[in-house]
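Asks: Sequence and predicted model, in that order:
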Number of protein chains: 2
Amino acid sequence: MAKGTDDTIAVRISKVLADRIISGAIEPGARLRQDHVAEEFNTSHVPVREAFRRLEAQGLAVSEPRRGVRVAAFDLGEVKEVAEMRAALEVLALRHAAPHLTSAILDQAEEATKAGDKSRDVRSWEEANRAFHRLILAPCGMPRLLATIDDLHAASARFLFAAWRSEWETRTDQDHRAILAALRQGNAESAAATLGRHVQWIGRKPIRTASGATREAFAIVG
Amino acid sequence: MAKGTDDTIAVRISKVLADRIISGAIEPGARLRQDHVAEEFNTSHVPVREAFRRLEAQGLAVSEPRRGVRVAAFDLGEVKEVAEMRAALEVLALRHAAPHLTSAILDQAEEATKAGDKSRDVRSWEEANRAFHRLILAPCGMPRLLATIDDLHAASARFLFAAWRSEWETRTDQDHRAILAALRQGNAESAAATLGRHVQWIGRKPIRTASGATREAFAIVG
DNA sequence: AATGCAGAAATTATCTATAATTTTGGATCG
DNA sequence: CGATCCAAAATTATAGATAATTTCTGCATT
């Protein structure tokens, strides 16, 4: 992964901050103070502000004019919303990608699935899962659609990490295998239908809050 | 239309530029020079750069690091892509909005349809059409989905204005009426199906290029 | 005539400084 | 004791200036 030495400073900052927000290192609702960030990266606040605009566009931060920018909050409603948007858009992408899928690509996707099944922590499972989806969708050749899906995946990952902060139980992903089987048989519609259901699978999990009470956490697990 | 006096300057600039790009006042591929824009708006270039980031996020501009930003180009492929994304997402939004639609809203939507049918120029037709879609979709209560659909509408409008720069023939929108009728009968699925087909209706039109040759122009007409 | 190089001009990216706004802490008053 | 208001501090927004990069232009060379 090229760390983009030719990237502008603003892009580099936005990538680092995006990673922190997604991983949960910065809490939802936390303020992002431009001077603090600027100091950390040894820059002025101007590129920091541009980085904030990028995060805003991705839906990872929200800004109120003259009141600063803070990490976007999210609730069960947004988890559902993202799941449904992903279902609609990934199905569309897969329908267009299917004719261009080679067995080489499908083999790679199978490898990604196996890697996910073997993962012993959320982070590597998420990475493998994202790789699977990207592999089978990328050949659709629709850049705008893929960019939108990427942003939704970032949001999904955030929900996931918020719920399964550390514990993770390995599980074999039957959906991924069913999708691959259907694609190998040239049955794009069946694959798309499974994918549509798959990404709407919302996992539930009780987590302990800081105050000691327990509440349910939700995340897209597909 | 609140011109947002409390908006930040960057937001104001981005709105004006977005309007120019959508209307075709600035050609696709044209460079956006920050100092020139800054001079025009009597500001420094810093808010201009932030405005550029916003346009980029909306897909109206593309930027290459250290080489500046230019108005995004588009081709038939992207017109189709946007049409399909709109179909997928607007159908989703309508399914969620349907239970919350009141007859008052549907009446307003019918007014918008009539206004569109009476329009004698592209600009006012587009405005009425957008109002119709927004009215029936907004009650879905999914802010992220609505924001994405808005961006797609902006892109659609751009395609439309590029093709039908001035001439426009009035026509009665049967699809809008069919959608409203289905919604009034509580048949959300039928309305959604019609909407899905409706926004994928791509108009074709021969236009004369600067060099005198004719080529086909395409636009989403729904 | 085409190609390549050098210097100039233009443009972008960043930094430092200033102005404006909001938040906060504390003192005063009801 | 609590609410309100004012002043100080913190933070954001913008401006003006500087450094670095790219693009342009003209001239020399093949």
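Replies: Arrived safely, thanks for sending.

Asks: what about chain A, any weak spots by pLDDT?
Replies: A:1-6, A:207-213 (pLDDT under 70).

Asks: Would you mind naming what in it lies close to chain B?
Replies: A:6-8, A:11, A:46, A:49-50, A:53-54, A:56-57, A:59, A:65-66, A:77-78, A:81-82, A:84-85, A:88-89, A:91-92, A:141-145, A:148 (C-beta under 8 Å from any C-beta of the partner chain). Where C-beta positions appear, they are placed from N, C-alpha and C, glycine not excepted.

Asks: can you narrow those to ones near DNA strand D?
Replies: A:46, A:49, A:65-66 (C-beta under 7 Å from any atom of the strand).

Asks: Going through the residues you listed, which ones are buried?
Replies: Among these, those classed as buried by 16 or more other C-beta atoms under 10 Å in any protein chain shown are A:46, A:49.

Asks: Over to A:A188: give its phi and psi.
Replies: The phi and psi values for A:A188, taken as degrees, to the nearest 10, are phi -60, psi -40.

Asks: Show the contacting residues for it.
Replies: Residues near A:A188 by C-beta atoms under 8 Å, 6 or more residues apart in numbering or on different chains: A:94-95, A:98-99, A:182.

Asks: Bridge partners for the residue in chain A that DNA strand D sits nearest to, pull those for me.
Replies: Across chain A, no residue is closer to DNA strand D than A:G68, which sits at 3.6 Å (C-beta to the nearest atom of the strand). Note on A:G68: beta-bridge partners A:E64, judged by DSSP bridges.

Asks: Could you report the separation of it from chain B?
Replies: Separation of A:G68 from chain B (C-beta to the nearest C-beta, to the nearest Å) stands at 12 Å.

Asks: What is the burial count for that residue?
Replies: 12 (other C-beta atoms under 10 Å in any protein chain shown).

Asks: I'd like the next helix or strand past the helix or strand where A:I22 lies.
Replies: Element membership of A:I22, judged by DSSP states H and E, is helix A:9-23. Following helix A:9-23 in sequence order, the next helix or strand is strand A:31-32 (DSSP H and E).

Asks: near DNA strand C, anything from that following strand?
Replies: No: judged by C-beta under 7 Å from any atom of the strand, strand A:31-32 makes no contact with DNA strand C; its nearest approach is 9.3 Å.

Asks: so what secondary structure elements neighbour that strand?
Replies: strand A:68-71 (3 or more C-beta pairs under 8 Å, 6 or more residues apart in numbering or on different chains; DSSP states H and E).

Asks: Can you spell out which helices and strands pack onto the strand it packs on?
Replies: strand A:31-32, helix A:45-58, strand A:61-64.

Asks: mind listing what's buried in the helix holding A:I22?
Replies: A:9-15, A:17-18, A:21-23.

Asks: The strand or helix carrying A:V82: how far from the chain's middle?
Replies: Assigned by DSSP H and E, A:V82 belongs to helix A:76-97. Centre-to-centre, helix A:76-97 and its host chain are 12 Å apart (C-alpha atoms, centre = their mean, to the nearest Å).
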